[in-house]
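Undergrad: Here's a sequence, model it:
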Amino acid sequence: ILENNNSIQVLQASHASLLPQIASLSSPLALVCWNLGYLPRSDDKLLRTEVRSTISSIVDAAISIRIGGMLSVMTYPKTNADEDSAVRLLFVELSLLSSTNRLSDGGSGDDSLKIKEIVTDAIDRIKDNNNGRKQSWRVMEHKPLGRPLSPILLTATRIK
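TA: As a prediction, this is how the structure comes out:
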């Protein structure tokens, strides 16, 4: 959602092509939402969001969002556990940007190491594009208790 002269502009598009859509904007982003998983109304269950393009688009938005702006991601652990893990780890890292802490140990194995590498590169890109200023984020995870494979809503509000 783009606020411009007290108006709101809604863009509905693939997150894979987010950067070209926001590059020409005159004002920072206020809200960017993702609903990960399968393509809505598609019969092809193999057509779904992917870890690298998802993380890349979240980074594009995090770099472009205004102070007070929010990132909102609905992730589906049952549909794509790797993507869910990567997004959740990225949000943990966003919450730690203003501290000296870094990635916590989150499992082992090749998949976990690949996800950690993708997220580390993403956080470095956010830091590199912030002109040396520290960002601060308030990050929340909203999920039903006792249902580990239910959809999870992650929100991150940029506070500095």
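
Undergrad: Just the helices from this structure, written as ranges.
TA: Taking DSSP state H as the criterion, the chain contains helices spanning 18-23, 51-64, 81-95, 110-128.

Undergrad: Show the average pLDDT along the first one.
TA: Predicted confidence along helix 18-23 averages 77 (mean pLDDT).

Undergrad: on contacts alone, who are the packing partners of it?
TA: Identification of packing neighbours for helix 18-23 by 3 or more Cβ pairs under 8 Å, 6 or more residues apart in numbering; DSSP states H and E yields helix 51-64. C-beta coordinates here come from the backbone N, C-alpha and C atoms, glycine included.

Undergrad: Next, the buried residues of the helix it packs on.
TA: In terms of neighbour count (16 or more other Cβ atoms under 10 Å), helix 51-64 has its buried residues at 51, 54-64.

Undergrad: Give me the mean pLDDT for that helix.
TA: Rounded mean pLDDT across helix 51-64 is 93.

Undergrad: Return, as residue ranges, the portions of this structure with sub-threshold pLDDT.
TA: Residue ranges of the chain with pLDDT under 70: 1-7, 24, 99-111, 132.

Undergrad: Test my guess that residue 13 contacts residue 19.
TA: No - Residue 13 lies out of contact with residue 19 (Cβ atoms under 8 Å); the separation is 11.4 Å.

Undergrad: more neighbours, those two?
TA: Using other Cβ atoms under 10 Å, the more surrounded residue of residue 13 and residue 19 is residue 19, with 15 against 9.

Undergrad: gap between the more buried one and residue 29?
TA: Distance check for residue 19 against residue 29: by Cβ to Cβ, to the nearest Å, it reads 12 Å.

Undergrad: what does residue 143 give?
TA: Counting by Cβ to Cβ - residue 143 and residue 29 are separated by 25 Å.

Undergrad: So for those two, which sits in the more crowded spot?
TA: Remark: of residue 143 and residue 29, residue 29 carries more neighbours, 23 against 14, as counted by other Cβ under 10 Å.

Undergrad: Quick one: residues contacting the residue nearest to that one when sequence neighbours are not counted.
TA: Closest residue to residue 29 apart from its sequence neighbours, by Cβ to Cβ, 6 or more residues apart in numbering: residue 65 at 4.5 Å. Residues in contact with residue 65 (Cβ atoms under 8 Å, 6 or more residues apart in numbering) are 28-30, 32, 71, 158.
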